[in-house]
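A.B. asks: Here is my input, please return the structure:
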Amino acid sequence: MNPYLFISDEVRAAVAENRPVVALESTIISHGMPYPQNVETALSVEATVREHGAVPATIAIIQGKLCVGISHDQITYLGKKGLSVNKASRRDLPVLLARGDDGATTVATTMIGAAMAGIHVFATGGIGGVHRGAQSTMDISADLEELARTDVTVVCAGAKSILDLGLTLEYLETKGVPVIGYQTDELPAFYCRDSGFGVDYRLDTPMEIAAAIRAKQVAGLTGGMLITNPIPEAYAMPQSQMSACIDQAISIASSNGIKGKAITPFLLDQIKSLTEGKSLASNIQLVLNNARLGAKIAVALSSLS
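C.D. replies: Got it, this is the predicted structure:
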């Protein structure tokens, strides 16, 4: 028994009975958008997972426990605390657990919690990656290393477009992480459907994806898989507009000395302002879209295993 791990009764029963479960992160609640949209979005994502036949398992650190499957009250608690909640990646876990602190789990830490609970599918917005200028700053998200080591499939809208997408793909290739395009040959770029970069493989149905996950499990291959799911066309933003906004946001961050774990929430907030709130609406829709696909994959995987 792990004294620092809490799994809700619903999630524990679903995993034990081989029913489909989808892990969800909590950074989007505290750091991804303002209150009350953060709580509304988190609850909508959970509802979307249920509507498509799977059990949602939102993961967070609550009073020093890595909780897999938190309550509506706990989601509201994290949403109201907002940026005062620790943004928790792998390196933060030992101290936060020992201190009994709260933490909002990043992609990396959500993968850790999902793997501990026996959950194989995780739906999020976008992953972190290699930041622009990483040749000199060495700013590379821990999400990529977690994908290389932890056996969880991540469904996302690609890497965040504030990153160096080409270097992010090179890093994932080096680490042996397959990048799958769902009904697309091109890597989505979060707010945009296109990036100019290709994916490793295109798979067009949840069952095809589930079969690849199952083959990986049976073969005993370690590490995760990345499923990239383009934002719905109605909510996609023009690539030229987003590139200009991102360049401006990065310039503002640089002039203010923003770096490290603070850079992504800062840039996303700047982009929201520069797009007059349109990027926030797109962000919400792409997360819901990924939750739908994640649930469909989890259902298909459950039927295979």
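
A.B. asks: So which residues of the stretch 101-250 of the chain form strands?
C.D. replies: 103-105, 121-123, 153-156, 179-182, 201-203, 225-228 (DSSP state E, counting those that start in this stretch).

A.B. asks: Could you say which of those strands is packed most deeply?
C.D. replies: Across the strands of the stretch 101-250 of the chain, averaging neighbours per residue (mean count of other Cβ atoms under 10 Å) puts strand 121-123 on top, at a mean of 30. All C-beta atoms are positioned from the backbone trio N, CA, C, and that covers glycine.

A.B. asks: Looking at this structure, which helix is longest?
C.D. replies: helix 278-304 (DSSP state H).

A.B. asks: Which residue ranges of this protein form helices?
C.D. replies: For the chain, the helices defined by DSSP H occupy 9-16, 27, 37-51, 72-81, 93-99, 107-117, 134-137, 142-149, 165-174, 206-219, 239-255, 263-274, 278-304.

A.B. asks: Would you quantify the distance from the closest residue to A104 other than its chain neighbours to E51?
C.D. replies: In this structure, A104 finds its nearest non-sequential neighbour in S30, 4.0 Å apart by Cβ to Cβ, 6 or more residues apart in numbering. Here the criterion is Cβ to Cβ, to the nearest Å. By it, S30 lies 25 Å from E51.

A.B. asks: Which one of these two is surrounded by more residues?
C.D. replies: Taking neighbours as other Cβ atoms under 10 Å, S30 and E51 compare with S30 leading, 28 against 11.

A.B. asks: Tell me where the model's unsure across the protein.
C.D. replies: 1, 260-261, 275-277 (pLDDT under 70).

A.B. asks: So which residue of it lies furthest out from the middle?
C.D. replies: S255 (28.2 Å; Cα atoms, centre = their mean).

A.B. asks: ok, that one - contacts?
C.D. replies: With Cβ atoms under 8 Å, 6 or more residues apart in numbering as the criterion, no residue contacts S255.

A.B. asks: do you know how far it is from I246?
C.D. replies: To I246, S255 is 15 Å away according to Cβ to Cβ.

A.B. asks: In contact with the residue lying closest to R99 once chain neighbours are set aside, which residues?
C.D. replies: For R99, ignoring the flanking residues on the chain, the nearest one in space by Cβ to Cβ, 6+ apart is G64 at 6.5 Å. Counting by Cβ under 8 Å, 6+ apart, G64 touches 4, 96-101.

A.B. asks: Buried only: go through those residues for me.
C.D. replies: For the contacts of G64, a neighbour count by 16 or more other Cβ atoms under 10 Å gives the buried set as 96-97, 101.

A.B. asks: which among those residues gets closest to S195?
C.D. replies: Closest to S195 out of the buried ones among the contacts of G64 is L96 (34.0 Å), distances taken as Cβ to Cβ.

A.B. asks: The closest one is in contact with T109, isn't it?
C.D. replies: No - with contacts counted by Cβ atoms under 8 Å, L96 stays clear of T109, the gap being 9.5 Å.

A.B. asks: Spit out the residues that contact the two alike.
C.D. replies: 61, 88, 103.

A.B. asks: ok, now which ones touch the residue nearest to L301 when sequence neighbours are not counted?
C.D. replies: Leaving aside its chain neighbours, L301 sits nearest to A210 (4.1 Å; criterion: Cβ to Cβ, 6+ apart). Residues near A210 by Cβ under 8 Å, 6+ apart: 297, 300-301, 303-304.

A.B. asks: what do you get for K87?
C.D. replies: K87 makes contacts with 27, 30-31, 103-104, 106, 261, 265, as judged by Cβ under 8 Å, 6+ apart.

A.B. asks: Identify the bridge partners of it.
C.D. replies: Using DSSP bridges, the bridge partners assigned to K87 are A104.

A.B. asks: gap between it and Y171?
C.D. replies: Applying Cβ to Cβ to K87 and Y171 gives a distance of 21 Å.
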